[in-house]
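**Student:** take a look and give me a structure for this.
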Amino acid sequence: MAGTKAQGGEGDSLLLWILVWSELAAFGVLLIAFMIMMMLNPDGAALFRSHLHPGLAAANTIILVLSGWQAALAVRLGGEGRAVCRPLLLAALFGLAFAAVKAFEYTLEIRSGIGGLGTLAELYFIVTGFHLLHVVFGAAILLLVAWRPSRGNVVMIATLWHAIDLVWLVMFPIVYLT
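**Tutor:** Numbering: from 1, shown residues only. Down below sits the predicted model:
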C-alpha cells in the first residue's frame, strides 16, 4: 500500500482497510445465515438448488477473475498515465459483463419459480444482489478512475475490486456447489 501512503497518508490506507474488512464481515454474516438455512432445511435446499444455474455462475467466476487480473495489471503498470487506462477499462467492462450474465441468470431463476421458495430464495437474492450492486458500483468507479488515473486511486479501486472478487470466490461454492 505504499502508493496509497505516498498519495494521501496512512489515514487513507487505514480507511480503505476498514472499508474492505467491514464489507467482508457483512458478506460473511449473510453467507453464514445462508449456510445455516441450507442445513436447517435440506429438502428445501435441494429444491432451491434445482433452480440455480451453476454454469452461468462459473462463467461469472471466470469473468471476475479476468477483471481482477486487469485491475492488478493497472497497478503493476504504475497506476498512472495513459498506460493504466486500458486495463482499468477492461476491468470495468468485465464487471459489467458479470452484471449482464447475473441479470440473465436472475431472469431464468425467477421464471422457474425460485421466488416462491421462501427464506432461502430471499437470502440468495439478498447476498447475490448485494454483491451485484458492489460489482456495478465498482465498475463505475473503475471507469471514473480510468478517466483520471492517479496511483493512489488505482491502488484503492484495485484493492476494493479484489475484495469484491474474493467475496464471489467464497460465495460461488457455498451457494452453487455445496
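**Student:** assign residue 79 to helix, strand or coil.
**Tutor:** Secondary structure, DSSP: H, G, I helix; E, B strand; the rest coil: residue 79 is coil.
**Student:** that one against residue 150, yeah?
**Tutor:** Yes - counting by Cβ atoms under 8 Å, residue 150 is a contact partner of residue 79 at 7.2 Å. For glycine as for every other residue, the C-beta is placed from the backbone atoms N, C-alpha and C.
**Student:** give me every residue that touches residue 61.
**Tutor:** Shown in contact with residue 61 (Cβ atoms under 8 Å, 6 or more residues apart in numbering): 168-169, 172.
**Student:** helix or strand: which one has residue 105?
**Tutor:** Assigned by DSSP states H and E, residue 105 belongs to helix 85-112.
**Student:** flag every buried residue along that helix.
**Tutor:** Using 16 or more other Cβ atoms under 10 Å as the burial criterion, the residues of helix 85-112 that qualify are 85, 87-99, 101-102, 105-106, 109.
**Student:** of residue 79 and residue 150, who's got more company?
**Tutor:** Neighbour tally, residue 79 and residue 150, criterion other Cβ atoms under 10 Å: the higher count belongs to residue 79, 24 against 16.
**Student:** contacting residues for the more buried one?
**Tutor:** Taking Cβ under 8 Å, 6+ apart as the test, what residue 79 contacts is 3, 149-155.
**Student:** what's the farthest-apart pair in those?
**Tutor:** Using Cβ to Cβ, those span at most 11.5 Å, a distance reached by 3 and 149.
**Student:** per-residue pLDDT, residue 4?
**Tutor:** For residue 4, the pLDDT comes out at 42.
**Student:** repeat that for residue 18.
**Tutor:** The model reports residue 18 with a pLDDT of 90.
**Student:** mind checking how far it is from residue 169?
**Tutor:** The gap separating residue 18 from residue 169 is 22 Å, by Cβ to Cβ, to the nearest Å.
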